[in-house]
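J.: coords please:
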Amino acid sequence: MSRPIGEAASAAARTAIVTGGARSLGLEIARELHAEGWQVAMTDVDADAVTSAAADLDPSGKSAKAYIHDVSDADQTEAVFEAILSDFGIPDALVNNAGIYPDHALLDMEVRDWDRVIGTNLRGTFLCTRAFGRARREAGLVGGAIVNFASTAGYSARVGVSHYSASKAGIVMFTKSCAQELAPLGIRVNAVAPGLILVRDDQITPEYRDNYLQMIPRARTGTASDVAGVVRFLLGSDADYVNGECIAIDGGFLAGRALVRAGTRS
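T.: Take a look at the predicted model:
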């Protein structure tokens, strides 16, 4: 039987795979898990960035290691998982963070634009989840945890990102299906749905920020640590009975929009 997810860092090292780990939310998640004693396998398409990020966590490469990885590529995903198993053994957790968020108006969208977003966000989540589950099943291990990345865009439609919203809505239901299918292996599968999370100063205009804040009851934008904290919880033993859920990390944005709609009918 595998080690229980969430044991003290002094115990045998647990291993988490974090896709899209070179920067932003993926990097913050990798940092927090590493600080708790996890070994982290950080994958990303940006070779230089992910190599540098892993080296910052552990220059020796013993507890943090970089892997060049396009999650939408089935053959490459299999090869990367084989390399991770060789370096760290069977992973205990998977964070399907890798994703892209381009803007394309529907009538101007090329098929390749649609395929790239669905391929990275939804297909990539499927390929990594399958590889993780197979590795644990073949090793005869029971236990483990997966956190997928949905978005408030999977619940709240936006202009110009129909491909992104479709991919994230798909991840919500994929998460619920996987939670049922992987339960016999003891693998819990949950998701997070971040709202407006600012990770760069130039990410949005001040006008966009001010308009968006009017729809957030918490009255602030989110941070990478807000997201990483919830992911850490979902991987830990305190979440042992949480399975098939998608937790919105949005300051009440989705709830607030519902209240606004209700208010307009009164």
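J.: use CA for all of it now, contacts and neighbours both
T.: Noted.
J.: got a pLDDT number for the spatially most central residue of the chain?
T.: What sits nearest the mean C-alpha location of the chain, by CA atoms, centre = their mean, is residue 97, with 2.7 Å. Here, the pLDDT recorded for residue 97 equals 98.
J.: tell me the secondary structure for residue 192?
T.: At residue 192 the chain is in strand, as set by DSSP: H, G, I helix; E, B strand; the rest coil.
J.: what sits against it?
T.: The contact partners of residue 192, by CA atoms under 8 Å, 6 or more residues apart in numbering, come to 147, 148, 149, 150, 151, 227, 230, 231, 246, 247, 248, 249.
J.: with secondary structure added, can I get those residues in JSON lines?
T.: Output for the contacts of residue 192, formatted as JSON lines (three-state DSSP):
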{"residue": "147", "secondary structure": "strand"}
{"residue": "148", "secondary structure": "strand"}
{"residue": "149", "secondary structure": "strand"}
{"residue": "150", "secondary structure": "coil"}
{"residue": "151", "secondary structure": "coil"}
{"residue": "227", "secondary structure": "helix"}
{"residue": "230", "secondary structure": "helix"}
{"residue": "231", "secondary structure": "helix"}
{"residue": "246", "secondary structure": "strand"}
{"residue": "247", "secondary structure": "strand"}
{"residue": "248", "secondary structure": "strand"}
{"residue": "249", "secondary structure": "strand"}
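J.: wait, which of those residues is closest to residue 136?
T.: residue 147 (15.8 Å; CA to CA).
J.: which stretches of this structure form strands?
T.: Remark: strands assigned in the chain by DSSP state E are 15-19, 39-44, 64-68, 93-96, 145-149, 188-194, 246-249.
J.: how about those in CSV, adding distance to residue 128?
T.: Conversion of those to CSV gives the following (distance: least, CA to CA, whole Å):
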stretch, distance to residue 128
strand 15-19, 9
strand 39-44, 11
strand 64-68, 14
strand 93-96, 7
strand 145-149, 10
strand 188-194, 13
strand 246-249, 18
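J.: quick one, which of those strands is nearest to residue 131?
T.: Judging these by CA to CA, what sits closest to residue 131 is strand 93-96, at 10.1 Å.
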